[in-house]
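Chemist: heads up, no residue letters with this:
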């Protein structure tokens, strides 16, 4: 059966979200109305199994939906992405026989919002290390103390998924992955004033002994790379859904370029710019770049959904799809700005906002250096000592 994205993201809802995007960006606020409508439409539970009250979709379908949402409001899509990452992780793990995040699926079905609290300033180990202290408590809970950055959904999350380092046994330090509720021990700084993706409100989060209950401790893993299903789940859902957002931005930029080329008339020739050979070449180049993205994202997402086995090449593949989508989207937006001409330089122009929003893709893990290192190792083997 062909998947119909309008069932989960109707055209009228999408247009209302689109109509609010410029104001959200200009006022540097969280898109509360978007979240309220998406929650009411069941969007927070698209990746939750039907038997738990969700839509029962896979990453493939969620990817298509996120491309569609990003075309209307990139910041809203990126913010919601971080919640969908956790529900995606829960699905990836459950599909492989691990129900450790069953509680998260139930919460998402109730409309709870899960945020992603992994990034830390200067921590290029990302998932494989942490500067946040995770102190074990007598009742099996953990107290987290540290600072997380780029915490999307900062004003609205109900639970924060995070990691920290338990060094209580110096001979066997452990990375603790857990979920904390909001409390007085969590301070959200009002410091999100950025070039683009302003509506994500990805503020800095201070943890002052924030408690994760014992039943919300998901993993205690060795420091460093790990084959654990949780790590694979985070990596696959995060990279694929990020790639989806930037693929959606690329599509919107291409559509706007086409609309603008058709609506502008050359004083020199008296003809539509859509007939200008240079403009036509530029739009064709944008289409060539964009066309490869949806197919690649869909293929990789489907492989995750069907539990395909790519062995050691999985992580390079996942890193590459996010990198390719972010770089290609920036290329497409750059070209769209040139097709549209000087009017696109004004902040009132949607392309101006897309130009700023697409830059965020360069800063998400995996960064260009780690992507190239992973792929070089995959094809050439590790650097010799």
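Modeler: That came in fine, so what should we check first? Please read these numbers as outputs of a predicted model, since none were measured by experiment.
Chemist: just for the stretch 201-350 of the chain, where's the confidence low?
Modeler: Counting by pLDDT under 70, the stretch 201-350 of the chain shows no low-confidence range.
Chemist: just give me the longest helix of the protein.
Modeler: Under DSSP state H, the helix in the chain containing the largest number of residues is helix 229-263.
Chemist: tell me which residue is most central in this structure.
Modeler: Nearest to the mean C-alpha position of the chain, counting by Cα atoms, centre = their mean, stands residue 242 at 3.7 Å.
Chemist: tell me how the protein divides into domains.
Modeler: Domain segmentation of the chain under automatic domain parsing yields 5-112, 115-222, 229-380.
Chemist: tell me which of these sits most buried.
Modeler: domain 5-112 (a mean of 20; mean count of other Cβ atoms under 10 Å). C-betas here are computed from N, CA, C, even on glycine.
Chemist: now do the same end-to-end measure for that one.
Modeler: Start-to-end span of domain 5-112 (Cα to Cα, to the nearest Å) is 23 Å.
Chemist: pull the contacting residues for residue 174.
Modeler: Applying Cβ atoms under 8 Å, 6 or more residues apart in numbering, we find residue 174 in contact with 134, 165, 166, 220, 221, 222, 223.
Chemist: got the phi and psi for it?
Modeler: Backbone torsions for residue 174, taken as degrees, to the nearest 10, come to phi -130, psi 140.
Chemist: for beta bridges, what are the partners of it?
Modeler: Residue 174 has these beta-bridge partners by DSSP bridges: residue 166, residue 222.
Chemist: report the distance from the host helix or strand of residue 336 to the chain centre.
Modeler: Per DSSP states H and E: residue 336 is located in helix 314-340. Here the centre of helix 314-340 is set off from its chain's centre by 14 Å, with Cα atoms, centre = their mean, to the nearest Å.
Chemist: report the angle between whichever helix or strand comes after that helix and helix 229-263.
Modeler: Moving toward the C-terminus from helix 314-340, the next helix or strand (DSSP H and E) is helix 350-357. Put simply, helix 350-357 runs at 150 degrees to helix 229-263, going by axes from the mean of the first three to the mean of the last three Cα atoms, to 10 degrees.
Chemist: what lies in contact with helix 350-357?
Modeler: 21-22, 25, 74-75, 195-197, 249, 252-253, 256, 333-334, 336-337, 340, 344-347.
Chemist: and the strands in the chain?
Modeler: 114-117, 133-136, 142-151, 159-166, 174-181, 186-188, 203-212, 217-222 (DSSP state E).
Chemist: which one of those lies nearest to residue 3?
Modeler: Smallest distance to residue 3 across the strands of the chain (Cβ to Cβ): 24.3 Å, for strand 114-117.
Chemist: in its sheet, what does the closest one sit against?
Modeler: strand 159-166 (parallel).
Chemist: where's the nearest residue to residue 367 once chain neighbours are set aside relative to residue 370, distance?
Modeler: Once flanking residues are discounted, residue 367 sits nearest to residue 124: 7.8 Å by Cβ to Cβ, 6 or more residues apart in numbering. To residue 370, residue 124 is 8 Å away according to Cβ to Cβ, to the nearest Å.
Chemist: what does residue 106 give?
Modeler: Remark: distance between residue 106 and residue 370 (Cβ to Cβ) = 34 Å.
Chemist: and if you look at residue 171?
Modeler: Note on residue 171: its distance to residue 370, by Cβ to Cβ, is 29 Å.
Chemist: now swap in residue 145 and tell me
Modeler: 27 Å.
Chemist: same thing with residue 284?
Modeler: From residue 284 to residue 370 the distance is 33 Å (Cβ to Cβ).
Chemist: gap between residue 286 and residue 226?
Modeler: 40 Å.
Chemist: next one: residue 162
Modeler: To residue 226, residue 162 is 17 Å away according to Cβ to Cβ.
Chemist: what of residue 132?
Modeler: 17 Å.
Chemist: still on that earlier bit, tell me which other helices or strands the longest helix of the chain touches.
Modeler: helix 59-72, helix 74-95, strand 217-222, helix 277-305, helix 314-340, helix 350-357 (3 or more Cβ pairs under 8 Å, 6 or more residues apart in numbering; DSSP states H and E).
Chemist: if you set the cut-off to 7 Å instead, what comes out?
Modeler: helix 59-72, helix 74-95, helix 277-305, helix 314-340, helix 350-357 (3 or more Cβ pairs under 7 Å, 6 or more residues apart in numbering; DSSP states H and E).
Chemist: centre of the chain to the shortest one, how far?
Modeler: Computed by Cα atoms, centre = their mean, the separation of helix 350-357 from the middle of its chain amounts to 18 Å.
Chemist: do the second one as well
Modeler: When C-alpha coordinates are averaged (Cα atoms, centre = their mean), helix 74-95 and its chain have centres 7 Å apart.
Chemist: now the first one
Modeler: What separates the centre of helix 59-72 from the centre of its chain is 11 Å, taken as Cα atoms, centre = their mean.
Chemist: quick one: contacts of that helix?
Modeler: 3, 5, 8-9, 14, 17-18, 21, 46-47, 76-77, 80-81, 84, 88, 237, 240-241, 244-245, 247-249, 251-252, 294, 297-298, 301-302, 304-305 (Cβ atoms under 7 Å, 6 or more residues apart in numbering).
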